[in-house]
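> fold the following.
(one chain, ligands or ions: 2)
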Amino acid sequence: MERNKTARPTPPPDLSASDPVNEGIIVAHHGVAVEVSFEDGRRRMVGVKRNSGHVVGDSVTVTGGVLKRMPRRTELRRRDARGGIHLVAANLDVLGIVVAHQSPAGFIDRAIVAARVAELQPFVVVNKCDLPDTPELLDLLKATYGGSVPFFAISAANRTGLQPLQDFLGQGHRGVFVGSSGVGKSSLLNALCPEIDLKVGQVSDYKNQGRHTTTVSTLHLLSGGGELVDTPGFREFGLVDITAEELAAHFPGFEEHADALCRFRNCRHRTEPGCAVIRLVEEGGIPPERYATYLEILSEVENDQSEARSKDWR
Ligand SMILES: Nc1nc2c(ncn2[C@@H]2O[C@H](COP(=O)(O)OP(=O)(O)OP(=O)(O)O)[C@@H](O)[C@H]2O)c(=O)[nH]1
Ligand SMILES: [Mg+2]
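Ligands and ions are numbered 1, 2, ... in the order given. Below you'll find the predicted structure:
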């Protein structure tokens, strides 16, 4: 019988179609592979391209070794000192800003604004409250941020102050801890949930911000409820795609006075007539150093906006 020359060879059976579609969450990112935790509790490493854009917290499906990302509910981005943009994690509800020893100038403010714009609830954790130099820092930070965001004073080493944070996270939030290297993010996670047993830095009270103990972001289920991502330390929380109006609305400390309305709805609190923020600074209701920090961040945001606009024109 003459062969039909136009007939195509029979395609191989589509094995992937018979593979079950497994839904899971990325719980660790190792550059060219991610660890996925599936709904039935299994875990598996799945290969990805370097810089594939996947991040811890991403909901994914895995079919026959192929990973597909689902749309994100929230994403938190930051800019580093060299201008590089990083995704911190995906599908978060809360952002835990961890500090110890010193208040990293502007870091807390930028992180709070970034979280609020991304529709995450920010909170501040002051760790190492057992150390003698902490009470002053605690007073300063509490006065600055205590009225704006949930605020927790903790010693991971002595396990004091943990219960209020446990109650907060136990409401079912997925959160992330960010902050400089050595502030005790991994130690806090271990204190909240000892089974996690993360590696922590060697010296118990070192102030060296240069050494990184955690090198990979990892997501953990807390036994008291909620989920937390531990991240490698970083010092820069540069804002990404934030407008001056968003900064003006979300800068911590200004929202407390939201009822003292500015004349203009989109007031940037710089030179506008009838600005309630400027009036409050003059009357002593807002400390001048907080206003100075605001103006510094406002200039950055305005520069970014005009750079973005001139790129659009090119
Ligand atoms: N005194 C004191 N030391 C602490 C406390 N919490 C953590 N430390 C110590 O601080 C050091 C750094 O802790 P880590 O948990 O590794 O800090 P980290 O923020 O995870 O650091 P990176 O992973 O490098 O970002 C370790 O030596 C801890 O033992 C605390 O509450 N009090
Ligand atoms: Mg760590």
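> pretty sure Glu236 contacts Gly83?
No - if you go by C-beta atoms under 8 Å, Glu236 and Gly83 don't touch, sitting 9.9 Å apart. Using the backbone N, CA and C atoms, a C-beta is placed for each residue, glycine as well.
> and Ala81, how far is that from ligand 1?
Distance of Ala81 to ligand 1, given as C-beta to the nearest ligand atom, to the nearest Å: 16 Å.
> revised request: answer the last question for Ile278.
Ile278 sits 38 Å away from ligand 1, going by C-beta to the nearest ligand atom.
> so that residue is in which element?
Element membership for Ile278, per DSSP states H and E: helix 276-283.
> mind checking the pLDDT average for that helix?
Helix 276-283 shows a mean pLDDT of 93.
> comparing Glu236 and Gly83, which shows the higher neighbour count?
Comparing Glu236 with Gly83 by other C-beta atoms under 10 Å, the one with more neighbours is Glu236, at 17 against 8.
> enumerate the residues of the stretch 51-200 of the chain near ligand 1.
For the stretch 51-200 of the chain, the residues in contact with ligand 1 (C-beta under 6 Å from any ligand atom) are 127-128, 130-131, 155-157, 181-187, 200.
> what do you get if the cut-off is 8 Å, keeping everything else the same?
98, 100, 127-131, 154-158, 177, 179-191, 198-200 (C-beta under 8 Å from any ligand atom).
> narrow the residues you listed to those in helices?
Members of those lying in helices (criterion: DSSP state H): Lys185, Ser186, Ser187, Leu188, Leu189, Asn190, Ala191.
> what about the protein, any weak spots by pLDDT?
Along the chain, segments meeting pLDDT under 70 span 1-19, 203-210, 256-259, 312-314.
> packing partners of the biggest helix by length in it?
Ranked by number of residues, the top helix in the chain under DSSP H is helix 288-313. Applying 3 or more C-beta pairs under 8 Å, 6 or more residues apart in numbering; DSSP states H and E, we find helix 288-313 packed against helix 107-117, helix 244-250, helix 276-283.
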